[in-house]
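S.K.: can you look at this prediction? I've put the sequence above it.
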Amino acid sequence: QVQLVESGGGLVQAGGSLRLSCAASGGTFSSYAMAWFRQAPGKEREFVATIMWRGGTTYYADSVKGRFTISRDNAKNTAYLQMNSLKPEDTAVYYCAAGRAVVTTSALYDYWGQGTQVTVSS
């Protein structure tokens, strides 16, 4: 059983930056693909980014491509999401997830964190 804990969310002005962290425990972190999803009020959870087991290969939603960067440090059992040039439409609860495949479908991820709120003011 893998436990995931996100941190790093907060309130930021448009154009600013935040870095989210996702600390994993209880499993072999390096054997899982890691992903970030987000859910805004009244909307469905949507894919943001994912990264393969050993890093390297990454995929991004078109809405964040060029602004967000996903990374991981397997020695620290932690995944990150660096978010730059933030926009008000990036406001959401951000969740990290762990799974066996590098996919964009939330249902295919096995473990989820509790989420961290990101609010971008205009």
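M.R.: That came through, no problem.
S.K.: now do the strands in this protein.
M.R.: When secondary structure is read from DSSP state E, the chain shows strands at 3-7, 10-13, 18-25, 33-39, 46-51, 58-60, 68-73, 78-83, 92-99, 111-112, 116-121.
S.K.: gap between the fifth one and the chain center?
M.R.: Strand 46-51 sits 6 Å away from the centroid of its parent chain (C-alpha atoms, centre = their mean, to the nearest Å).
S.K.: show me what it is packed up against.
M.R.: In terms of contact count using 3 or more C-beta pairs under 8 Å, 6 or more residues apart in numbering; DSSP states H and E, strand 46-51 is assigned the packing partners strand 33-39, strand 58-60, strand 68-73, strand 78-83. Heads up, the C-betas are built off the backbone N, CA and C, glycines and all.
S.K.: how about the ones you listed, which one is nearest residue 111?
M.R.: Counting by C-beta to C-beta, residue 111 lies closest to strand 33-39 out of the helices and strands packed on strand 46-51; the figure is 9.8 Å.
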